[in-house]
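*Asks:* Here is the input, now give the coordinates:
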Amino acid sequence: METHHGRTSAVVSASMSQFDDAVSITVAIVIVVTVAFVQEYRSEQSLQELTKLVPPSCHCKLRLESNPDTFLARELVPGDVVLLNVGDRIPADIRLFEANDLTIDESSFTGETEPSKKTIDSVIRPNGAHSIK
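*Replies:* Predicted structure coming up:
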């Protein structure tokens, strides 16, 4: 929002032949945008490094009768039953067989801002493969 007002101020100054002010405002805008970009980039890099330090884990049952335990996500194998709670990260490609009003934030993959609703219904793709809605 501030850069919009800054651009407007720069245009008004230039149209009034106050080129020194227009250049100063434009330089200030470039500095602010550059600093914001650098800070955002550094925070993303820091977050990625922290994620590497703390590997993702999940609540999992090794057998349907067993009690849930916490495992590193990299130790999951096909057939493990993963229990999801509010705020959990999904540790792997999984197939849902029970869900109650489940929505997933897929914004890091799809760019969508709204969480997508998931159901246990199968979807048959044109190539004959099954997937989950």
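*Asks:* how about the most centrally placed residue in the chain, what does it touch?
*Replies:* Within the chain, one residue has its C-alpha closest to the average C-alpha position: by CA atoms, centre = their mean, that is residue 108, at 3.2 Å. Residues near residue 108 by CB atoms under 8 Å, 6 or more residues apart in numbering: none. All C-beta spots, glycine's among them, are computed from the backbone N, C-alpha and C.
*Asks:* which phi and psi does it have?
*Replies:* In terms of degrees, to the nearest 10, the main-chain angles of residue 108 are phi -70, psi -20.
*Asks:* Report pLDDT for it.
*Replies:* Looking at residue 108, its pLDDT stands at 76.
*Asks:* So it versus residue 27, what's the distance?
*Replies:* Distance of residue 108 to residue 27, given as CB to CB, to the nearest Å: 35 Å.
*Asks:* Check residue 51 too.
*Replies:* Per CB to CB, residue 51 is found 37 Å from residue 27.
*Asks:* Stretch 103-114: end-to-end distance?
*Replies:* 9 Å (CA to CA, to the nearest Å).
*Asks:* what about stretch 18-25, average pLDDT?
*Replies:* For stretch 18-25, mean pLDDT rounds to 80.
*Asks:* and it, C-alpha only, in PDB?
*Replies:* The C-alpha atoms that make up stretch 18-25 are tabulated as PDB, following Å, rounded to 0.1, in the frame of the first residue of the first chain:
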ATOM      1  CA  GLN A  18       9.600  18.700  -9.400                       C
ATOM      2  CA  PHE A  19      12.000  16.100 -10.800                       C
ATOM      3  CA  ASP A  20      14.200  16.100  -7.700                       C
ATOM      4  CA  ASP A  21      11.300  15.100  -5.500                       C
ATOM      5  CA  ALA A  22      10.100  12.500  -8.100                       C
ATOM      6  CA  VAL A  23      13.600  10.900  -8.200                       C
ATOM      7  CA  SER A  24      14.000  11.000  -4.400                       C
ATOM      8  CA  ILE A  25      10.600   9.300  -3.900                       C
END
